[in-house]
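Asker: Provided below for reference: sequence and predicted model.
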Amino acid sequence: MNSFQTRPLSGSLMALSIAAALTGPQVTIASKGQAENVLTNMTDAAASLGARFDGTSRRIQELQSEVDRNAALFAQVAEIEWCADAPVAYLQGNEQGIFPSVFEVKITTPRGRWYFDFPAGATLQDVVDGINNPSIHIGVIASISSANGNRVEIRGPMAQLVPFLRVQQTTELRPSVFSHAVGGAGMLEWLDYGCVVGVPICAEPAVLYLSTGTNLLTDGKGHTTLLVRGAENHNSQSFTFASGTSQLSIISALNTFQDQLGVRAAQVAVNPSRIEVRSFAVGDLSRVQLLEVGGVPPIIFDQPKGGSASYDRTDAGQNPVRGDVNCDRFVAAADLREVIDAWGACPPTPSSCPADLDHNDVVNVDDLLTVINHWGDDDEI
């Protein structure tokens with residue numbers, strides 16, 4: 001059979017023929033029909049490759065967008081002050097290092113909670129041994145504090161994204177819970193997040209106040225109904241109190257639902273006529289809303305003393321201000337002085353080191369520049 005020969009191939013057909021010669025087995029075109037078939041096949045192949053390219057291009061754009069989003073997220077995380085200190089709390093005995101009365105404490109971590117009951121006369125070592133019971137798996141370690149031999153140190157876990165340690169004294173005795181090894185005021189409860197991403201230094205929990213006096217008075221209305229809401233991931237709960245209900249009964253009722261609401265009620269130390277309703281969490285993680293219904297005089301306040309009463313208040317806590325060393329929510333000369341006075345290596349744990357703004361265990365020029373770069377700021381992180 002004679003090979004088909006005609007005028008030279010057009011530019012596009014020649015280009016396809018050259019491409020076929022370069023990228024695949026050599027094709028001998030023996031007729032016009034065969035040439036048209038080759039052209040059709042190669043056109044279809046080119047269209048298929050084009051579609052695959054378009055799909056790959058779109059996927060590359062999607063991946064690039066994902067990379068950009070992740071880069072923005074990492075940049076935000078890098079802007080948050082953080083360190084690796086475990087959450088910690090302390091329990092103090094009397095001068096002889098014992099707990100003279102029956103002592104009950106509840107310890108909560110991200111791994112769970114456990115109630116500990118110690119008999120009257122329990123020693124610090126009895127408390128340490130009870131908390132360190134190997135059958136209890138809430139991730140805490142107890143020891144007698146090396147900085148204060150009269151207190152038991154309880155350290156929480158670090159394995160969670162947001163570790164926390166909550167220690168509650170459930171017996172109505174002398175407050176024996178402390179936030180530091182030395183000094184400080186005794187409390188019935190302490191919640192510590194250590195120093196982790198999302199809970200920076202100087203963050204404050206949400207808190208509101210109820211003015212009840214020793215006994216709640218409703219001006220002849222018979223009763224009042226209070227709706228309490230905690231953080232977004234917690235429930236709400238309605239409480240109805242009759243006129244004359246004691247403050248202690250109101251506190252007890254609110255604390256019956258503390259795990260569901262994420263808040264804790266207690267008498268205000270500086271103003272015993274009011275109840276403090278405080279969130280377990282801090283900063284953006286916290287929220288407390290109190291709504292009073294029933295037509296009685298308003299009893300909800302946003303501060304422990306003074307202020308104006310309201311029927312409905314919400315508090316969302318406070319995030320810190322970057323560069324604010326003394327936690328007064330403003331970066332100024334006082335913060336610069338704090339950095340200068342603390343210059344050098346930080347004291348060993350559990351002593352605090354608030355001027356170490358980047359949490360590298362030393363106060364140096366980096367911390368100084370953080371204050372200077374945010375001079376005059378009063379905005380939250």
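Answerer: Nice, I can see it. Computed from a prediction, not measured in an experiment: that's the story for all the values here.
Asker: how does the protein divide up, domain by domain?
Answerer: 11-78, 88-192, 207-315, 320-381 (automatic domain parsing).
Asker: Could you export those as CSV, including mean neighbour count and mean pLDDT?
Answerer: Where you see a C-beta, it was placed from the backbone N, CA and C, and this is true even at glycine. Shown next, in CSV, are the domains of the chain (neighbours: other CB atoms under 10 Å; pLDDT from 0 to 100):
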stretch, mean neighbour count, mean pLDDT
domain 11-78, 11, 63
domain 88-192, 17, 84
domain 207-315, 17, 85
domain 320-381, 17, 80
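Asker: Helices of the stretch 251-381 of the chain, residue ranges please.
Answerer: For the stretch 251-381 of the chain, the helices defined by DSSP state H, counting those that start in this stretch occupy 258-261, 333-341, 365-373.
Asker: Now those in CSV, please, with extra columns for distance to residue 41.
Answerer: Shown next, in CSV, are the helices of the stretch 251-381 of the chain (distance: least, CB to CB, whole Å):
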stretch, distance to residue 41
helix 258-261, 70
helix 333-341, 75
helix 365-373, 66
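Asker: And the ones you listed: which comes nearest residue 315?
Answerer: Evaluated with CB to CB, those place helix 258-261 nearest to residue 315, the distance being 13.8 Å.
Asker: any chance you could map the strands in the stretch 251-381 of the chain?
Answerer: Ranges of strands in the stretch 251-381 of the chain, per DSSP state E, counting those that start in this stretch, are 263-268, 271-279, 288-293, 300-301, 312-315, 344-345, 362-363.
Asker: now do the stretch 51-200 of the chain
Answerer: Using DSSP E, counting those that start in this stretch, strands in the stretch 51-200 of the chain cover 88-92, 98-99, 103-109, 112-118, 122-123, 141-144, 151-155, 165-169, 177-178, 189-192.
Asker: Distance to residue 210 added to the ones you listed, as JSON lines?
Answerer: Formatted as JSON lines, these follow (distance: least, CB to CB, whole Å):
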{"stretch": "strand 88-92", "distance to residue 210": "26"}
{"stretch": "strand 98-99", "distance to residue 210": "31"}
{"stretch": "strand 103-109", "distance to residue 210": "23"}
{"stretch": "strand 112-118", "distance to residue 210": "26"}
{"stretch": "strand 122-123", "distance to residue 210": "35"}
{"stretch": "strand 141-144", "distance to residue 210": "35"}
{"stretch": "strand 151-155", "distance to residue 210": "30"}
{"stretch": "strand 165-169", "distance to residue 210": "20"}
{"stretch": "strand 177-178", "distance to residue 210": "23"}
{"stretch": "strand 189-192", "distance to residue 210": "17"}
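Asker: Spatially, what comes nearest to residue 97 if we skip its sequence neighbours?
Answerer: residue 124 (5.1 Å; CB to CB, 6 or more residues apart in numbering).
Asker: ok, now how distant is that neighbour from residue 144?
Answerer: Distance check for residue 124 against residue 144: by CB to CB, to the nearest Å, it reads 5 Å.
Asker: Name the residues contacting each of these two.
Answerer: Here residue 124 and residue 144 share the contacting residues 151-152, scored by CB atoms under 8 Å, 6 or more residues apart in numbering.
Asker: can you tell me which residues contact residue 251?
Answerer: By CB under 8 Å, 6+ apart, residue 251 lies in contact with 265-267, 275.
Asker: tell me the two of the residues you listed that are most distant?
Answerer: Among the contacts of residue 251, 265 and 267 lie farthest apart (CB to CB), at 8.5 Å.
Asker: where do the contact lists of those two overlap?
Answerer: Joint contacts of residue 265 and residue 267 (CB under 8 Å, 6+ apart) are 251, 275-276.
Asker: Return the closest of these with respect to residue 62.
Answerer: Closest to residue 62, out of all of the shared contacts of residue 265 and residue 267 and judged by CB to CB, is residue 276, at 50.0 Å.
Asker: Dig out what the closest one forms beta bridges with.
Answerer: Assessed by DSSP bridges, residue 276 has beta-bridge partners residue 209, residue 266.
Asker: Now do the end-to-end distance for stretch 260-279.
Answerer: 12 Å (CA to CA, to the nearest Å).
Asker: which outside residues touch it?
Answerer: Contacts for stretch 260-279 (CB under 8 Å, 6+ apart): 168, 185, 188-189, 205-214, 228-231, 233-237, 247, 250-251, 254-255, 258, 280-281, 286-288, 290, 301, 304-305, 317.
Asker: Am I right that residue 218 is in a helix?
Answerer: No: Residue 218 is assigned coil when assessed by DSSP: H, G, I helix; E, B strand; the rest coil, not a helix.
Asker: Spit out the contact partners of it.
Answerer: Counting by CB under 8 Å, 6+ apart, residue 218 touches 224, 242-243, 294, 296-297.
Asker: Tell me which two in those are the farthest apart.
Answerer: 242 and 297 (15.2 Å).
Asker: ok so, going back, turn the contacts of residue 218 into TSV, including distance to residue 312.
Answerer: As requested, these are exported to TSV (distance: CB to CB, whole Å):
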residue	distance to residue 312
224	13
242	22
243	21
294	13
296	14
297	14
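Asker: of all these, which comes closest to residue 328?
Answerer: Residue 328 lies nearest to residue 297 out of the contacts of residue 218, by CB to CB, at 34.0 Å.
Asker: what's the distance between the closest one and residue 224?
Answerer: 9 Å.
Asker: In a markdown table: the strands of the stretch 251-381 of the chain, plus distance to residue 175.
Answerer: Shown next, in a markdown table, are the strands of the stretch 251-381 of the chain (distance: least, CB to CB, whole Å):
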| stretch | distance to residue 175 |
| --- | --- |
| strand 263-268 | 10 |
| strand 271-279 | 14 |
| strand 288-293 | 22 |
| strand 300-301 | 23 |
| strand 312-315 | 24 |
| strand 344-345 | 33 |
| strand 362-363 | 33 |
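Asker: between these, which one is nearest to residue 373?
Answerer: strand 362-363 (15.9 Å).
Asker: what's the spacing between the longest helix anywhere in the chain and its chain's center?
Answerer: In the chain, taking DSSP state H as the definition, the longest helix is helix 32-78. Here helix 32-78 shows a centroid-to-chain-centroid distance of 41 Å under the convention CA atoms, centre = their mean, to the nearest Å.
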